[in-house]
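**Student:** coords please:
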Amino acid sequence: MALVSTSSIVDAAREARIGAAAFNVIHLETAEALVTAAERTDTPLILQLSENCIRYHGSLLPITRATLALAETSSAPIAVHLDHITDATLVHQGVAAGVGSVMVDASALPYTDNVAATAELTAWCHERDAYVEAELGEVGGKDGVHAPGVRTDPDEALAFVRSTGVDALAVAVGSSHAMHRRTAVLDKDLIAALRATLPVPLVLHGSSGVPDDELGRAIAAGMTKINISTHLVSVFTQSIRETLTENPALVDSRKYVKPAREAVAEEAARLLGVLTTPATVPDQLTVQAPARG
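**Tutor:** Here you go, the predicted structure:
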């Protein structure tokens with residue numbers, strides 16, 4: 001199956017009230033593992049390349065072209081997305097390279113500056129048929145404009161979407177970036193209110209810290225795109241630790257990276273099942289149809 005658009009995956013998931021999985025690439029081995037998971041489950045998947053990932057590889061093109069090649073030759077529907085991009089040059093380079101969507105991250109700026117920067121890049125991307133995600137302010141777990149307990153205000157979010165023209169919005173509902181324990185409890189009433197207010201899909205950042213059942217409830221309440229990175233990175237690293245502990249004389253990195261790649265493929269496949277299984281909306285929530293216009 002050819003490379004597909006992020007919008008096609010997200011829009012279909014939103015309509016079906018299931019999760020659109022967006023898993024982060026760290027290096028080629030994780031990209032291979034994630035594509036394998038999508039193929040084994042025949043599930044659409046968004047591969048995300050963060051600004052940190054790009055910097056780790058020294059420049060955008062090598063890891064981006066490799067990830068696009070995996071997507072283009074996969075039997076599963078795969079999209080490639082730039083995640084948390086603060087540098088406009090990387091947005092330009094990524095779209096030119098063939099990436100179809102980008103998360104424009106101006107969230108550390110004051111609100112009015114965030115709106116201006118996001119609107120400018122969104123207009124540029126839309127002229128080139130690229131899909132744009134953004135956020136008002138930082139989700140918990142980062143230094144900057146918000147503490148971890150921040151929550152997105154639906155009215156402010158609607159004003160932001162209308163002012164910037166973005167296609168999807170990352171919202172703060174109780175998750176936190178880089179969590180190593182899956183203990184987060186999300187504000188499902190707020191998710192429902194955001195879903196009812198906003199004309200665009202909702203994105204959950206920091207999903208690594210959210211347990212399976214809570215992810216299901218969040219999706220049922222109205223969340224669509226689910227970003228997961230730290231949890232899968234932890235699976236990769238734990239596998240390498242175990243292999244080297246059992247075989248301390250190993251020198252060939254392929255012999256400990258290969259089982260780590262397989263461990264990520266297995267866990268990613270399991271998560272794809274969790275995210276794409278329809279969940280029941282809790283009785284106490286009244287989820288209205290999304291606002292339009």
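
**Student:** Tell me which helix or strand comes right after the worst-scoring helix or strand of the chain on mean pLDDT.
**Tutor:** Least confident helix or strand of the chain, by mean pLDDT, DSSP states H and E, is helix 212-221 with a mean of 92. Using DSSP states H and E, the helix or strand that follows helix 212-221 in sequence is strand 225-228.

**Student:** Helices along the stretch 51-200 of the chain, start to end?
**Tutor:** Using DSSP state H, counting those that start in this stretch, the helices found in the stretch 51-200 of the chain span residues 51-56, 60-73, 88-97, 111-127, 154-164, 188-197.

**Student:** winner for burial among those?
**Tutor:** Burial of the helices of the stretch 51-200 of the chain is given as mean neighbour count (mean count of other C-beta atoms under 10 Å); helix 188-197 ranks first at a mean of 21. Where C-beta positions appear, they are placed from N, C-alpha and C, glycine not excepted.

**Student:** Could you spell out the sheet neighbours of the very next helix or strand once past that one, each with its direction?
**Tutor:** Downstream of helix 188-197, the first helix or strand assigned by DSSP H and E is strand 202-204. Strand 202-204 sits in its sheet next to strand 168-170 (parallel), strand 225-228 (parallel), going by DSSP bridges.

**Student:** residues in contact with strand 202-204?
**Tutor:** 22, 133, 135, 168-171, 173, 175, 186, 191, 194-195, 210, 218, 222-227 (C-beta atoms under 8 Å, 6 or more residues apart in numbering).

**Student:** Go again with 7 Å.
**Tutor:** Contacts with strand 202-204, where a contact means C-beta atoms under 7 Å, 6 or more residues apart in numbering, come from 133, 168-171, 175, 191, 194-195, 218, 222-227.

**Student:** How much space separates Val235 from Pro259?
**Tutor:** For Val235, the distance to Pro259 (C-beta to C-beta, to the nearest Å) stands at 11 Å.

**Student:** out of these two, which sits in the busier spot?
**Tutor:** Val235 (18 against 14; other C-beta atoms under 10 Å).

**Student:** Is it correct that the more buried one is in contact with Ala263?
**Tutor:** Yes: using C-beta atoms under 7 Å, Val235 is in contact with Ala263, at 5.3 Å.

**Student:** Spit out the residues that contact the two alike.
**Tutor:** Common contact partners of Val235 and Ala263 (C-beta under 7 Å, 6+ apart): none.

**Student:** okay, and for the stretch 151-293 of the chain, where does confidence drop off?
**Tutor:** Scanning the stretch 151-293 of the chain for pLDDT under 70 picks out the ranges 175-185, 279-293.

**Student:** Swap in 90 and give it another go.
**Tutor:** Within the stretch 151-293 of the chain, the segments meeting pLDDT under 90 span 151-152, 172-187, 205-211, 213-214, 277-293.

**Student:** Longest helix of this protein, counting residues only.
**Tutor:** helix 254-275 (DSSP state H).

**Student:** For that one, which residues meet the burial criterion?
**Tutor:** Residues 256-257, 260-261, 263-269, 271-272, 274-275 are the ones in helix 254-275 that count as buried (16 or more other C-beta atoms under 10 Å).

**Student:** hang on, the earlier thing: which strands or helices does the least confident helix or strand of the chain pack on?
**Tutor:** When contacts are defined as 3 or more C-beta pairs under 7 Å, 6 or more residues apart in numbering; DSSP states H and E, helix 212-221 sits against helix 188-197, helix 254-275.

**Student:** dump the residue contacts of the nearest residue to Ala123 once chain neighbours are set aside.
**Tutor:** In this structure, Ala123 finds its nearest non-sequential neighbour in Gly165, 6.9 Å apart by C-beta to C-beta, 6 or more residues apart in numbering. Contact partners of Gly165, counting by C-beta under 7 Å, 6+ apart, are Ala119, Thr122, Ala123, His126.

**Student:** isn't the first one right next to Val161, touching?
**Tutor:** I take that to be Ala119. No: look at Ala119 against Val161 with C-beta under 7 Å: they stay out of range, at 10.7 Å.

**Student:** Scan this structure for its longest strand.
**Tutor:** strand 78-85 (DSSP state E).

**Student:** And that strand, what does it pack against?
**Tutor:** helix 6-16, strand 45-50, helix 60-73, helix 88-97, strand 101-104.

**Student:** contacts for the longest helix of the chain?
**Tutor:** With C-beta under 7 Å, 6+ apart as the test, helix 254-275 has contacts from 18-19, 21, 23, 29-30, 32-34, 36-38, 40-41, 43, 45, 212, 215-216, 219, 226, 228, 232, 235-236, 239-240, 243-244, 250.

**Student:** That'll do, ta.
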